[in-house]
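this one's structure only:
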């Protein structure tokens, strides 16, 4: 049971992100501020609720960044990835039943018309770097100021990333945020961008924070 609780927390948090994210895109339309706040507030709230249970990852890229920084094991990361991807897919299936395929497809992050795949990877990598760097500074580093600060800072980072990157790539920063709706609506356009970019950004975020700020040196 002890091993199951973090996985359930990751499932619930990722479920909430995709359910609210797709729903917000349906209700808010092209209101980037509303969409950014919906995602940011959801993440902030559920980080506060689960930080002490699972670490509040809700994102395979974040878990990968923690793995690269030596803050989780491969075995634990694999279990988290399974819970996160399943949570995202179940949420997308429910949205599919509620709103139909067109809404779920519209809620699947995708590149702007004038953006290439390589540009999309770069944007997603930079935005995910910001996210993971903040996560390390507020939720991982033992000098941070607690759960409330972590939830606020991480939610704010999601919000500002979407305000900038939403019109460009959808600012997913999270493979599960894309994979769940993509699978439910069977929409795979430029899907590789949302794995390569976030994973690169997360790895760099974990490594750079560890290199510059953590007391424990990263082995080379």
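Everything's here; your move. The structure presented is a predicted model; accordingly, all values stated were derived computationally and were not measured.

from here on, just use CA atoms for contacts and neighbour counts.
Will do.

can you give me the pLDDT of residue 146?
Note on residue 146: pLDDT of 76.

which residues touch it?
138, 139 (C-alpha atoms under 8 Å, 6 or more residues apart in numbering).

what do you get if the cut-off is 10 Å, keeping everything else the same?
48, 51, 138, 139, 140 (C-alpha atoms under 10 Å, 6 or more residues apart in numbering).

quick check, pLDDT for the fourth one.
Residue 139 is assigned a pLDDT of 91 by the prediction.

residue ranges with poor pLDDT in this structure?
For the chain, applying pLDDT under 70 flags the ranges 1, 145, 214-220.

ok, back up a step: how about the contacts of residue 146 in JSON lines, adding secondary structure and neighbour count?
Below are these laid out as JSON lines (DSSP: H, G, I helix; E, B strand; the rest coil; neighbours: other C-alpha atoms under 10 Å):
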{"residue": "48", "secondary structure": "helix", "neighbour count": "19"}
{"residue": "51", "secondary structure": "coil", "neighbour count": "20"}
{"residue": "138", "secondary structure": "helix", "neighbour count": "22"}
{"residue": "139", "secondary structure": "helix", "neighbour count": "26"}
{"residue": "140", "secondary structure": "helix", "neighbour count": "19"}
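
and which of the residues you listed is nearest to residue 127?
Using C-alpha to C-alpha, residue 138 is the member of the contacts of residue 146 that lies nearest residue 127, at 16.8 Å.

isn't residue 197 up against residue 190?
No: taking C-alpha atoms under 10 Å as the definition, residue 197 is not a contact partner of residue 190, at 11.5 Å.

who's more crowded, these two?
Neighbour count, other C-alpha atoms under 10 Å: between residue 197 and residue 190, residue 197 has more, with 28 against 15.

do you know how far the more buried one is from residue 120?
8 Å (C-alpha to C-alpha, to the nearest Å).
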